[in-house]
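In: Just a sequence and a predicted model for now, questions to come.
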Amino acid sequence: MRRVLCCLVALTLAGSAYADLQNIELGGVIRIRGRYWHQVLNADGRQARISGGQAPGRPVGPYGITSLVDFDDHGGDLSFVEHRTAIHVKADFTDEVSAFIELDAYDLWGDTWGPAPEVRDWDFRSNYITGVDSRATTINDVEVMQSYIDVNELHGYPVRLRIGRQELVMGKGWLVGSQISPCLHMSYDGIRLTYGVDDFVLDAWWAKLAENSPLEEDGDVDFYGIYGTYKALGPADISLYWLYIRDAQARDMDDVFTIEWLEELFGFDQYDPTNLHTVGLRVWGGCDAFDYNLELAYQFGNADAVGAQFPMWSFWGTYGDDDADFDAWAFDLEVGYTFDVNWQPRVFLGGAYFEGEDNRDITFWEWLNLSQSSSASVSFNRLFSAKWYTSIFDVLGGAGNMSNFYQVRAGVSARPAEKIEMGLMAGYFVTDEVFDWPPYLRIGRVRVPFAPAMSFWTRDGEDDLGVITHIWMKYAYSEDWWVKIGWEHLFADDGLYDGSFVKQNGLDLFAGTDDADADYLYFDTGIEF
């Protein structure tokens, strides 16, 4: 009897929901991209450029003096085909209420062996050697990328309330975006309010990045933001924004009571919640044939989450920097001109800068002083950027997290036919704050330090990373389906052998065993429906 009553209640509710449903929209995306890197990566993954014992007392950060890249012909080329499948459903109800659900699957073609079970992907269904056929045993293939409720015209005002898992794209996605790469998307769990009239839009949101209760009373990571855009200034549109991440996860080491008491007494191992503030300005637009796009941002706040990753041994023990701060600038600027002739060529000149910091060297007196404290290196944090400057530098090890560098770029694009677009760009990359290496003798691909114990003795590294050219062509077969091919070539410079900490927001070393040129080639196609 209880089952019958439950079924009747479910049918009644379903009937009520169906009566309120006004419209259903179904859509999706298929994206396939083949990628190939030549003379970029180490054959065996991350490798030490010099051992930690050859730089005693130096706060080098979470990855030590190791690197994922080699830029020589002894490494392992990387190639794979990635495949994104996304399907979404939007349901409109009465009173401006709607629901949106998007399912997303990311796969690599073929059977893929990763370093851990959660990244392995067994998609091929047949063992041709033995003839044993089986179903695919893939793991975490389909994810709920988005799932939110929209309420438009809230109480009759031009306000939209969005609750649930959703993508966030602010402006051009320079600091807040939804793409890790064209085939890899990300979303945020939170609440977003949007106030919009003709020429003014204001967004405010809160997103939960990490939930650690009940293990920690106050140990969550939250992301807040306010982003306003005004579009009534003629040739200039302007956006102002404030982004704030509060990270209260505990980073103190768990010690016995007496050690904890001494640490608190002398002020060691006392990390406060991290408060990363980013204030920014974006101005873009055009006049006649000219166009421009400028974005400028400044970061400030407590950086104990970064400082804790720079432990350094002293007489008192091994502790990180509990006094680190964010204090860095960044900008991106591009100016273009489109000629009113056949092919409509557009030439452009631009550049980008992400301020870096490198405090990884120590003085002679710090080397002698066993009671010294660690000093972290805190560069500009790219947050959740959907902008990457090159697939050779700014994608490997994580897309859009290259920092502590500046770039100058120039290029041209054109449309030789209605369905064909092509372009050529060159970018020159330079490290902002270089890493000071121990003096060493180079024997083949190996660095041999002269005096490894004397870590105060260093030499300046080279800062020129090189020039990367990028040529591409896109063919739009129809309004829905397109194909794109491209090639990046690196003209490597000495800074790639010396290496500096430019990856993972300035925390990861980018240093090869040579400075050979490298290549990246890709084939990309997609359809939306």
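Out: Cool, the structure landed.

In: all helices of this structure, in order?
Out: 2-20, 257-266, 304-307, 364-368, 495-498 (DSSP state H).

In: Check the ones you listed for me: which has the lowest mean pLDDT.
Out: The stretch with the lowest mean pLDDT among the helices of the chain is helix 2-20, at a mean of 43.

In: List the contacts of the residue nearest to the spatial centre of the chain.
Out: Nearest to the mean C-alpha position of the chain, counting by CA atoms, centre = their mean, stands Gly400 at 3.9 Å. Neighbouring residues of Gly400 by CB atoms under 8 Å, 6 or more residues apart in numbering: Gly177, Ile180, Arg382, Ser385, Ala386, Lys387, Trp388, Asp394. C-beta coordinates here come from the backbone N, C-alpha and C atoms, glycine included.

In: I'd like to know which helix or strand in the protein has the lowest mean pLDDT.
Out: helix 2-20 (a mean of 43; mean pLDDT, DSSP states H and E).

In: how many neighbours does Gly512 have?
Out: Residues lying near Gly512 (other CB atoms under 10 Å) number 26.

In: neighbours around the nearest residue to it once chain neighbours are set aside, how many?
Out: Nearest non-adjacent residue to Gly512, counting by CB to CB, 6 or more residues apart in numbering: Phe71, 3.4 Å away. Neighbourhood size, Phe71 [other CB under 10 Å]: 26.

In: next one: His74
Out: Neighbour number of His74 under other CB under 10 Å is 13.

In: Would you check that it makes contact with Arg445?
Out: Yes. His74 lies in contact with Arg445 (CB atoms under 8 Å); the separation is 6.7 Å.

In: okay, and the common contacts of those two?
Out: Thr513.

In: can you pull the contacts of Val221?
Out: Lys208, Leu209, Ala210, Ile245, Arg246, Asp247, Ala248, Gln249.

In: and of those, the nearest to Asp321?
Out: Nearest to Asp321 among these: Asp247, at 15.3 Å, using CB to CB.

In: and the closest residue in space to the closest one that isn't next to it in sequence, what is it in contact with?
Out: Computed as CB to CB, 6+ apart, the closest residue to Asp247 that is not its neighbour in sequence is Thr274, at 4.0 Å. Residues counted as contacts of Thr274 (CB under 8 Å, 6+ apart) are Ile245, Arg246, Asp247, Ala248, Gly301, Asn302, Ala303, Asp304, Ala305, Val306.

In: Quick check: ChimeraX command selecting the buried ones in the residues you listed.
Out: Selecting only the buried entries of the contacts of Thr274 in ChimeraX, with 16 or more other CB atoms under 10 Å as the criterion:
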select :245,246,247,248,301,302,303,304,305,306
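
In: Of the contacts of Thr274, which one scores lowest on pLDDT?
Out: Ala248 (87).

In: Correct me if wrong: it contacts Pro273.
Out: Yes. With contact defined as CB under 8 Å, Ala248 reaches Pro273; the gap is 4.1 Å.

In: can you pick the most crowded of the contacts of Gly400?
Out: Per-residue neighbour counts (other CB under 10 Å) across the contacts of Gly400 peak at Asp394, which has 25 neighbours.

In: hang on, it packs against Ala386?
Out: No. The pair Asp394 and Ala386 fails to qualify as a contact (CB under 8 Å) at a distance of 11.6 Å.

In: Relative to Pro449, how far out is Pro387?
Out: Pro isn't right for residue 387; it's Lys. Remark: distance between Lys387 and Pro449 (CB to CB, to the nearest Å) = 38 Å.

In: Show the pLDDT at the residue nearest to Gly173 when sequence neighbours are not counted.
Out: Excluding the flanking residues, the one nearest Gly173 by CB to CB, 6+ apart is Ala386, at 3.4 Å. We have a pLDDT of 93 for Ala386.

In: Quick check: Ala386 touching Gly177?
Out: Yes. Assessed by CB under 8 Å, Ala386 is found in contact with Gly177 at 2.4 Å.

In: Which residues are in contact with each of the two?
Out: Common contacts of Ala386 and Gly177 (CB under 8 Å, 6+ apart): Val169, Gly400.

In: For Leu233, give me its contacts.
Out: Applying CB under 8 Å, 6+ apart to Leu233 gives the contacts Gly285.

In: Phi first, then psi, for Gly173.
Out: phi 80, psi 20 (degrees, to the nearest 10).

In: my guess is it meets Met186, correct?
Out: No. At 11.1 Å, Gly173 and Met186 do not qualify as touching, with contact defined as CB under 8 Å.

In: Can you check which residues contact both of those two?
Out: Joint contacts of Gly173 and Met186 (CB under 8 Å, 6+ apart) are Gln179.

In: Just want to check the distance between Phe405 and Gln47.
Out: Taking CB to CB, one finds Phe405 at 22 Å from Gln47.

In: got it, and Pro62?
Out: Using CB to CB, Pro62 is found at 16 Å from Gln47.

In: Who is the residue nearest to Asn302 when sequence neighbours are not counted paired with across the strands?
Out: Of all residues not flanking Asn302 in the chain, Asn275 sits nearest, at 4.8 Å (CB to CB, 6+ apart). Beta-bridge pairing for Asn275 (DSSP bridges): Arg246.

In: Report the contact partners of Asn275.
Out: Tyr244, Ile245, Arg246, Gly301, Asn302.

In: check contacts around the last one.
Out: Asn302 makes contact with Asp272, Pro273, Thr274, Asn275, Ala324, Asp325, Phe326, according to CB under 8 Å, 6+ apart.

In: Residues in a beta bridge with it, which ones?
Out: Under the criterion used (DSSP bridges), Asn302 bridges to Asp325.

In: Would you mind giving me the confidence score for the residue nearest to Asn302?
Out: pLDDT at Asn275 comes out at 95.

In: any idea how far it is from Leu215?
Out: As judged by CB to CB, Asn275 and Leu215 stand 21 Å apart.

In: want to throw the contacts of Gly400 into JSON lines with distance to Phe348?
Out: Compiled in JSON lines, the contacts of Gly400 are given as follows (distance: CB to CB, whole Å):
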{"residue": "Gly177", "distance to Phe348": "21"}
{"residue": "Ile180", "distance to Phe348": "25"}
{"residue": "Arg382", "distance to Phe348": "22"}
{"residue": "Ser385", "distance to Phe348": "20"}
{"residue": "Ala386", "distance to Phe348": "20"}
{"residue": "Lys387", "distance to Phe348": "15"}
{"residue": "Trp388", "distance to Phe348": "17"}
{"residue": "Asp394", "distance to Phe348": "18"}
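
In: which one of those residues sits closest to Asp199?
Out: Gly177 (24.0 Å).

In: correct me, but His352 touches Thr390?
Out: No, residue 352 isn't His; it's Ala. No. Using CB under 8 Å, Ala352 makes no contact with Thr390, being 11.0 Å away.

In: need the strands for the stretch 1-150 of the chain, in chain order.
Out: Along the stretch 1-150 of the chain, counting by DSSP state E, counting those that start in this stretch, strands occupy 23-38, 47-48, 66-67, 78-92, 97-108, 126-127, 132-133, 142-151.

In: thinking again about what came up before, of Phe405 and Gln47, which one has the most company?
Out: Set side by side, Phe405 and Gln47 show more neighbours around Phe405, with 28 against 15, by other CB under 10 Å.

In: tell me the contacts of the more buried one?
Out: Tyr353, Phe354, Gly356, Phe429, Val430, Thr431, Asp432, Leu465, Val502 are the contacts of Phe405 under CB under 8 Å, 6+ apart.

In: Can you show me the strands along the stretch 401-529 of the chain?
Out: 405-417, 420-431, 440-443, 446-449, 464-476, 481-492, 500-503, 508-510, 518-528.

In: Against Phe354, how distant is the closest residue to Asp358 other than its chain neighbours?
Out: Of all residues not flanking Asp358 in the chain, Glu433 sits nearest, at 4.1 Å (CB to CB, 6+ apart). For Glu433, the distance to Phe354 equals 11 Å [CB to CB].

In: Which residues are in contact with each of these two?
Out: Ser379, Asn404.

In: what about those two, which has more around it?
Out: Using other CB under 10 Å, the more surrounded residue of Glu433 and Phe354 is Phe354, with 26 against 21.
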